[in-house]
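Participant: I'd like to go over a predicted model; first the sequence, then the structure.
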Amino acid sequence: MTGRTHDLAAFTALVLVATALPSLPSMSYATLILAFGANFVGGLFPDIDQKTSDFWDNFRLGPFVAKVVCPFLGGHRNVSHSLVGLVLIGSLAHFSLQLLVKLVNLEIDPSVVWWAFMIGVVSHIIMDLPTKAGVPFLWPMDWKFGIPPFRALRMESGKFVEKWVVFPGLLALTAWTLFSHYQSVLTFFKQGLH
Ligand SMILES: [Zn+2]
């Protein structure tokens, strides 16, 4: 999938999880903004192993750092798209957030930001499942998972199906979910933020 689809999918996943909760925790504006940012980064994060990924384009020195970092991660769709990777990424995010909360003088709820980030990361791996390359979920085992299981039936990244079915489908799902929960979304924005 392209970075654009991954970003939308991360937001869709965030909306789906948030609206499925019995009630959203009350949070500061700083937490909400950081959670959206973390969700956006999380949606691209597993592609840190790909030099050409949109993830690296978000930073000024990104393409340069990517050239140094990527070979260590074993090439595209490796550890960062696996169960082991999820645990590593989750721990790294946890420690980074603890550090951030200590360093900045803002009221931030690190657990909300962490969940938003991880929802983005998991959505990325799910979205890579229907693509031809598949996902090495059980890395270091070399077995690539995909939906459907037959590679020939899966889609090509960035091509017709992604552009005209997946992307609009995600947009419609997000809009529909927000619309069908608009009362609780509205209440959250009116009363849940401080
Ligand atoms: Zn990926």
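Facilitator: On my side now, so go ahead. Because the structure is a prediction, the values reported are computed rather than measured.
Participant: rest of the way, CA atoms for contacts and neighbours
Facilitator: OK.
Participant: just so I have it, where are all the helices in this structure?
Facilitator: 3-20, 29-44, 54-57, 62-69, 83-103, 110-128, 160-161, 167-180, 182-191 (DSSP state H).
Participant: now those in TSV, with mean pLDDT?
Facilitator: Output for these, formatted as TSV (pLDDT from 0 to 100):
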stretch	mean pLDDT
helix 3-20	96
helix 29-44	96
helix 54-57	72
helix 62-69	70
helix 83-103	95
helix 110-128	97
helix 160-161	90
helix 167-180	97
helix 182-191	91
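Participant: just those: most buried one?
Facilitator: helix 110-128 (a mean of 23; mean count of other C-alpha atoms under 10 Å).
Participant: quick check: angle from that one to helix 3-20?
Facilitator: Going by axes from the mean of the first three to the mean of the last three C-alpha atoms, to 10 degrees, helix 110-128 is angled at 130 degrees with respect to helix 3-20.
Participant: CA atoms only: put helix 110-128 into CSV for me.
Facilitator: Backbone C-alpha positions of helix 110-128 (Å, rounded to 0.1, in the frame of the first residue of the first chain) are rendered in CSV as follows:
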residue,chain,number,x,y,z
PRO,A,110,1.1,8.7,27.5
SER,A,111,-1.2,5.7,27.4
VAL,A,112,-3.7,7.4,25.0
VAL,A,113,-0.8,8.4,22.7
TRP,A,114,0.7,4.9,22.9
TRP,A,115,-2.6,3.3,21.9
ALA,A,116,-3.1,5.7,19.0
PHE,A,117,0.4,5.0,17.8
MET,A,118,0.0,1.2,18.1
ILE,A,119,-3.4,1.2,16.4
GLY,A,120,-1.6,2.9,13.5
VAL,A,121,1.2,0.3,13.5
VAL,A,122,-1.3,-2.7,13.6
SER,A,123,-3.4,-1.1,10.8
HIS,A,124,-0.3,-0.9,8.7
ILE,A,125,0.4,-4.6,9.0
ILE,A,126,-3.3,-5.5,8.4
MET,A,127,-3.3,-3.3,5.2
ASP,A,128,-0.2,-5.0,3.9
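Participant: looking at the helices of the chain, which is nearest to residue 138?
Facilitator: helix 83-103 (6.2 Å; C-alpha to C-alpha).
Participant: just checking, what packs against that closest one?
Facilitator: Here helix 83-103 touches helix 110-128, going by 3 or more C-alpha pairs under 8 Å, 6 or more residues apart in numbering; DSSP states H and E.
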